[in-house]
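Enquirer: Following is a predicted model, sequence given first.
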Number of protein chains: 2
Amino acid sequence: MSGKEVATLYSYWRSSCSYRVRIALSLKGIPYEVKPVNIWKKDEHLTPEYRAINPMQQVPALRIDGRTLIDSISIMHYLEETRPEQPLLPSDPADRAKVREIVSVIASGIQPLQNVGILQLLPEEERVQWAQRVINKGFTALEKLLANSAGKYCFGDNISIADCCLIPQVYNARRFKVDVETYPAIARIDKDLLSHPAFKEAHPDNQPDAVKDAK
Amino acid sequence: MSGKEVATLYSYWRSSCSYRVRIALSLKGIPYEVKPVNIWKKDEHLTPEYRAINPMQQVPALRIDGRTLIDSISIMHYLEETRPEQPLLPSDPADRAKVREIVSVIASGIQPLQNVGILQLLPEEERVQWAQRVINKGFTALEKLLANSAGKYCFGDNISIADCCLIPQVYNARRFKVDVETYPAIARIDKDLLSHPAFKEAHPDNQPDAVKDAK
């Protein structure tokens, strides 16, 4: 890997997919600088400049090793495969499968159904209720998986990409006023990791583009 | 790996996630038997018997190597990591990232937004239009990725897990009367792979639980 170039993360502070990658970068100790992309009020992801960086016009995008990567799950796997120190996946294939099941519940089963692009298709007065419904359904499913897999974290006692996905999803859940405390395993892991240095560094509130008192 | 046990796939013929795993199993030449789970008319995924197999109460689930795996993306990775012959991922991490970007567009960006669980939340007369909208948006995005990655297949000239996801998504698109021909790379890859023996074997119409002339 090129050791000279500092990675650049195109990120929006409250984007849970950006948040996943920030956690993974911090956990692996990879230096990076944030280039904020305001996807909310300013539609900066729709500009020609950003389209040249990410044709999908979404955050995050990561400039690293002389290339640009997109999609949080794909990026986390790339980081794992190129920087195996501080692993974010267990070594046994069956254990890896358990981690990826949790990742899929969040990345395919919850987040896409409550992101802003989908909510905007619904009448405004129905959006919060829809988001709550899909998050509650997903968290109920997650608790079943965690009952068999969790130790201190989502899978056993080592932090994995499942935790990199879970904590941002819990952040979203709180934004939509989901009662996270009714999910004991999720609430416990969240409480523990929110005080972890890498997770703190990656937290939306600690980003250069964070807006104080945002709704 | 245990060579004695024949794998068992809990599958529904028209489930695109079951279809993904059927393709991967066929491509890797892994013998398996299908146990049909009628998730549509009979709600067989909700029975206590099936809950004991898959606590998530979804298809597919794969019984293999003395364990039960769930979630199509996780299963395909497990098969790749335990049976690397006939690889479904390229060897270079940057190339693997490109394959996984395509997988994510389908598995997070399209399929969850048009599956039957979500459609049932909408008024009946709006369902087809919603499904068409999310598939068209996703296929437009996919064409941008394929413009840079595709050779004969989604990534270069080797079949990958991206193709295992694409062909079932095109099958869904046709069910919802999306005009697939307006997406030249997708239409070309689909046409080519529909005649491939492994893809033919995995096709919904060739499943033991297929219903002829189903709507």
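Expert: Nice, thanks for sending it over. Residues are numbered from 1 along each chain as shown, chains lettered A, B, ... in the order given.

Enquirer: And the strands in chain A, which stretches?
Expert: Under the criterion DSSP state E, strands of chain A are mapped to A:7-11, A:32-36, A:61-64, A:67-70.

Enquirer: So which residues on chain A come close to chain B?
Expert: Contact residues (CB under 8 Å from any CB of the partner chain) of chain A with chain B: A:55-56, A:65, A:67, A:69-71, A:73-75, A:77-78, A:81-82, A:93-94, A:96-98, A:100-101, A:103-105, A:107-109, A:111-113, A:118, A:121, A:130, A:133, A:141, A:144-145, A:148. (C-beta placed from N, C-alpha, C; glycine too.)

Enquirer: Any of these buried? List them.
Expert: Buried by 16 or more other CB atoms under 10 Å in any protein chain shown: A:55-56, A:65, A:69-71, A:73-75, A:77-78, A:82, A:93, A:96-98, A:100-101, A:103-105, A:107-109, A:111-113, A:118, A:130, A:133, A:141, A:144-145, out of the residues of chain A next to chain B.

Enquirer: name the helices or strands packed onto the helix or strand of chain A with the lowest mean pLDDT?
Expert: Taking mean pLDDT, DSSP states H and E as the measure, the helix or strand of chain A with the lowest value is helix A:116-119, at a mean of 81. Helices and strands touching helix A:116-119, as assessed by 3 or more CB pairs under 8 Å, 6 or more residues apart in numbering or on different chains; DSSP states H and E, comprise helix A:127-149.

Enquirer: Distance from the chain centre to the least confident helix or strand of chain A, please.
Expert: Put simply, helix A:116-119 sits 17 Å off its chain's centre (CA atoms, centre = their mean, to the nearest Å).

Enquirer: Over to stretch A:90-98?
Expert: For stretch A:90-98, the separation from the chain centroid amounts to 20 Å (computed by CA atoms, centre = their mean).

Enquirer: Give me the contacts around it.
Expert: Applying CB atoms under 8 Å, 6 or more residues apart in numbering or on different chains, the set of residues contacting stretch A:90-98 from outside is A:89, A:99, A:145, A:148-149, A:155-156, A:158, A:160, B:65, B:67, B:69, B:74-75, B:77-78, B:81-82.

Enquirer: mind listing what the residue lying closest to A:K144 once chain neighbours are set aside touches?
Expert: For A:K144, the nearest residue in space outside its immediate sequence neighbours is B:P55; the separation is 4.5 Å by CB to CB, 6 or more residues apart in numbering or on different chains. Listed by CB under 8 Å, 6+ apart, the contact partners of B:P55 are A:144-145, A:148.

Enquirer: What of A:D157?
Expert: A:G151.

Enquirer: ok, it to chain B distance?
Expert: In this structure, A:D157 and chain B are separated by 21 Å, where distance is defined by CB to the nearest CB, to the nearest Å.

Enquirer: And A:R127, by the same measure?
Expert: Between A:R127 and chain B the computed distance is 13 Å (CB to the nearest CB).

Enquirer: residue contacts, the nearest residue to that residue once chain neighbours are set aside?
Expert: Excluding its sequence neighbours, the residue lying closest to A:R127 (CB to CB, 6+ apart) is A:L119, at 4.4 Å. Taking CB under 8 Å, 6+ apart, we find A:L119 in contact with A:127, A:130-131.

Enquirer: what's the burial count for A:N115?
Expert: Other residues near A:N115 come to 18 when the count uses other CB atoms under 10 Å in any protein chain shown.

Enquirer: For it, give me phi and psi.
Expert: When read as degrees, to the nearest 10, the backbone of A:N115 gives phi -80, psi 170.

Enquirer: From B:P84, how far out is it?
Expert: As for A:N115, its distance to B:P84 is 35 Å (criterion: CB to CB, to the nearest Å).

Enquirer: One more: A:S16?
Expert: With the distance defined as CB to CB, A:S16 ends up 33 Å from B:P84.

Enquirer: How about A:Q132?
Expert: From A:Q132 across to B:P84, the span is 43 Å (CB to CB).

Enquirer: Who has more neighbours out of these two?
Expert: A:Q132 (16 against 12).

Enquirer: what's the domain layout of chain A?
Expert: A:8-85, A:93-200 (the TED database).

Enquirer: How about A:V134: what's its closest non-neighbour residue?
Expert: Using CB to CB, 6+ apart and skipping the chain neighbours, the partner closest in space to A:V134 is A:L113 (4.1 Å).

Enquirer: these two touch, right, that neighbour and B:I118?
Expert: Yes: taking CB atoms under 8 Å as the contact criterion, A:L113 and B:I118 are neighbours in contact, 6.8 Å apart.

Enquirer: Can you tell me which residue is spatially central in chain A?
Expert: When chain A is reduced to its mean C-alpha position, the closest residue under CA atoms, centre = their mean turns out to be A:R20, at 2.6 Å.
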